[in-house]
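Engineer: Fold the stuff below for me.
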Amino acid sequence: MTFRHLLLALAGLLVFAAHPAAAQEPDLIFRKSTVFRLMTPNDKLATYGIDDPVVDGVACHYTVPEKGGVAGTLGLAEQTSDVSLSCHQYGPIKIKEKFAQGDVVYRERRSLIFKKMQIVRGCDEKRNVLVYMVYTDKLIDGSPKNSTSTVPIQPWGAAGDVVKCADWLSK
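Structural biologist: Numbers count the residues shown, from 1 in each chain. Sure, this is the predicted structure:
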């Protein structure tokens, strides 16, 4: 591979890493400091909320560490892979389009180039449960750290209609 090809590959990775899978930005719920830094911003844990762009009535909340200091402030620090996830039904579930097992619900970069966090969705057909998983991956070596949350599809309100997630899986 020539130097020019390497530069083109890196430029492509930068473009890919900069664009989330969904057009939405997560809602910051709150941050808590975990490491005090005298002259620069503290390290924090931040909790965010997102809505599933394909499934109305489901919200996910995730907590990620955010490095402070000079590198964290400038966006140059590689964030750790520790992420927790909780997803719940908050209204009637309406699935808007077919989806594949493991489709990306949300993606964000966790380092300048090589690491990203992804929330993906699946369907447990046997139990009629939506399954969400968050994980981080890295171009060179991945991370086994992950978290899973499930949303049993329940009747909501007077209608009591229950959507079957299996009907919305693309095969």
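Engineer: ok, which stretches of the chain are helices?
Structural biologist: Per DSSP state H, the chain carries helices over the ranges 3-18, 69-73.
Engineer: F99 is in contact with V54, isn't it?
Structural biologist: Yes. F99 lies in contact with V54 (C-beta atoms under 8 Å); the separation is 5.5 Å. No exception for glycine: its C-beta is placed from N, CA and C like everyone else's.
Engineer: The closest residue to F36 other than its chain neighbours: neighbour count?
Structural biologist: Nearest residue to F36, sequence neighbours excluded (C-beta to C-beta, 6 or more residues apart in numbering): N42, at 5.7 Å. Neighbour count of N42, defined by other C-beta atoms under 10 Å: 17.
Engineer: Kindly report which one of the helices of the chain carries the lowest mean pLDDT.
Structural biologist: With a mean of 41, helix 3-18 has the lowest mean pLDDT of the helices of the chain.
Engineer: State the pLDDT value of the residue nearest to F36.
Structural biologist: N42 is given a pLDDT of 76.
Engineer: Do me a favour and get the backbone dihedrals for N128.
Structural biologist: N128 adopts backbone torsions of phi 50, psi 50, taken as degrees, to the nearest 10.
Engineer: What is the burial count for the residue nearest to it when sequence neighbours are not counted?
Structural biologist: Spatially, and ignoring its direct neighbours in sequence, N128 is nearest to I153 (5.3 Å; C-beta to C-beta, 6+ apart). For I153, the number of neighbouring residues by other C-beta under 10 Å comes to 21.
Engineer: Right, I'll leave it there.
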